[in-house]
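Trainee: Provided below for reference: sequence and predicted model.
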Amino acid sequence: MAAGGLTRERVARQAVLMGFADVAITLTAMLAARSAVILADFCKTFLEFAAVFLSWWAIRRMARGPGGGFDYGLGKMENLASLIVGMLMAVCLLIIVGNAVRNFLHPAHVAGIGVQISLAAQAVYAVINGIVARRSRRAARAENSPLLEAQARLHFTRAAANVFILLSLGLSLALARYDWVRYVDPAASLVIAGSILMAALGIFSTSVGDLLDRTLEESDQLLILRELARHFDDYEFLHGIRSRRAGAEVYVDILLEFDPQKKAGEIHAVAASLRRRIEAQIRNSHVTIGLSTGSTDATMGQPRGQD
C-alpha cells in the first residue's frame with residue numbers, strides 16, 4: 001500500500017473512532033431524554049458515522065486493489081457506499097417525521113437527564129467543529145485545496161447544527177412554563193429532517209446515475225476521434241471503438257489494424273502514444289488498444305503510467 005493510501009486510511013480510521021464516540025454520546029442522551037430534537041440529532045450523528053465508516057471501508061478495499069481480478073467495479077464503490085447512506089437517510093427521515101407528528105398530536109415538555117447530556121455535548125462539539133472549520137479554511141486558502149475547503153464547509157455545517165440544537169433545547173427549558181413551547185422541540189426536529197432530506201436527494205441524484213454504465217459524452221467521443229486522426233498515417237484501418245463510463249471511471253477500447261510489415265516496436269510506440277494522449281485528456285480514463293493484422297487480433301494494453 002502506498003504512503004498516501006496509508007495516510008488516507010489512518011485519517012479515515014481516526015474519523016470512525018471519533019464518530020463512534022459521538023454516536024455513543026447522542027444515543028445515551030436520546031435514551032435518557034424525552035425529546036424529538038435529540039432523537040433527530042442521534043439519527044443525524046448516526047448517518048454521519050455511517051458515511052465515514054463506509055468511506056473508510058471503501059478506502060481499505062480500493063487500497064488493496066483488484067487482486068488480479070476485474071477492476072471495473074472498484075470505481076463504483078464510493079457511489080455504492082453513498083447510495084447505502086442515502087437509503088439509511090430515508091429510514092431516518094421516516095423515524096424523525098413520525099416522531100415529530102406524534103409529538104405535535106400529543107405535545108409534552110422535554111425532560112430527562114439526557115437533555116443536560118445533549119446540551120453539554122452540543123456546546124463542546126460546537127466549539128470543536130468551529131475550530132476545525134476555521135483551521136481547515138485557513139489551510140485551504142494557503143494550499144488552494146478543494147478537499148480542505150470541503151472539510152471546512154462540513155465542519156462549519158456541523159457547528160451550525162450544534163448551535164441550532166443547543167438553542168432549541170435551551171429555549172424549551174427556559175420557557176417551559178408556556179404551553180406553546182412544547183411545539184418547539186418537534187418543529188426543530190423537522191428542520192433537521194429537512195437538512196437530511198436535501199442531502200439524501202443530492203446523494204440519490206448523483207450516485208444512482210454514476211452506478212449505471214453509460215456512453216461517453218459527445219465531447220469525449222470527439223476527443224478520441226481527434227487523437228485517432230492525429231495518428232491517421234500510423235495505422236491501416238480503424239475496426240471499432242467501444243467506450244463506456246462506469247461510475248467515475250471511463251473505459252475505452254480501440255481496435256486498430258496495422259501494416260503487417262510494420263515492426264513491433266513501431267506499433268507499440270503508436271499505441272502507447274495514443275493511449276497516453278487520450279488518458280491525459282479524459283479524466284479517470286483507461287484505454288486499451290486492440291491490434292489486428294486482418295486475420296488475428298491482439299490487445300496491447302498496459303497499466304496506466306507505463307509504456
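Mentor: Ah, there it is. Model, not experiment: these values are computed from the prediction.
Trainee: rest of the way, CA atoms for contacts and neighbours
Mentor: Will do.
Trainee: any idea of the pLDDT on the residue lying closest to residue 235 once chain neighbours are set aside?
Mentor: When the adjacent residues along the chain are set aside, residue 235 lies closest to residue 258, with 4.8 Å between them (CA to CA, 6 or more residues apart in numbering). Looking at residue 258, its pLDDT is 84.
Trainee: test my guess that residue 258 contacts residue 236.
Mentor: Yes - if you go by CA atoms under 8 Å, residue 258 and residue 236 touch, sitting 5.0 Å apart.
Trainee: which of those two has more residues huddled nearby?
Mentor: Shown here are residue 258 and residue 236; by other CA atoms under 10 Å, residue 258 has more neighbours (18 against 14).
Trainee: how near is the more buried one to residue 242?
Mentor: As judged by CA to CA, to the nearest Å, residue 258 and residue 242 stand 19 Å apart.
Trainee: hey, C-alpha coordinates of stretch 280-294 in PDB?
Mentor: Only the C-alpha atoms of stretch 280-294 are listed here, as PDB (Å, rounded to 0.1, in the frame of the first residue of the first chain):
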ATOM      1  CA  ALA A 280      -4.200  12.700 -20.300                       C
ATOM      2  CA  GLN A 281      -7.300  14.500 -21.700                       C
ATOM      3  CA  ILE A 282     -10.200  12.300 -20.300                       C
ATOM      4  CA  ARG A 283     -10.100  12.200 -16.500                       C
ATOM      5  CA  ASN A 284     -10.000   8.700 -14.900                       C
ATOM      6  CA  SER A 285      -9.800   7.000 -18.300                       C
ATOM      7  CA  HIS A 286      -8.400   3.600 -19.000                       C
ATOM      8  CA  VAL A 287      -7.500   3.000 -22.700                       C
ATOM      9  CA  THR A 288      -6.800  -0.400 -24.300                       C
ATOM     10  CA  ILE A 289      -5.500  -0.600 -27.900                       C
ATOM     11  CA  GLY A 290      -6.500  -3.800 -29.700                       C
ATOM     12  CA  LEU A 291      -4.200  -4.800 -32.600                       C
ATOM     13  CA  SER A 292      -5.400  -6.500 -35.700                       C
ATOM     14  CA  THR A 293      -3.400  -7.800 -38.700                       C
ATOM     15  CA  GLY A 294      -6.600  -8.800 -40.700                       C
END
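Trainee: and it, what's its mean pLDDT?
Mentor: Here the average pLDDT along stretch 280-294 is 78.
Trainee: neighbours around the residue lying closest to residue 85 once chain neighbours are set aside, how many?
Mentor: Leaving aside its sequence neighbours, residue 85 sits nearest to residue 51 (CA to CA, 6+ apart; 6.1 Å). Residues lying near residue 51 (other CA under 10 Å) number 21.
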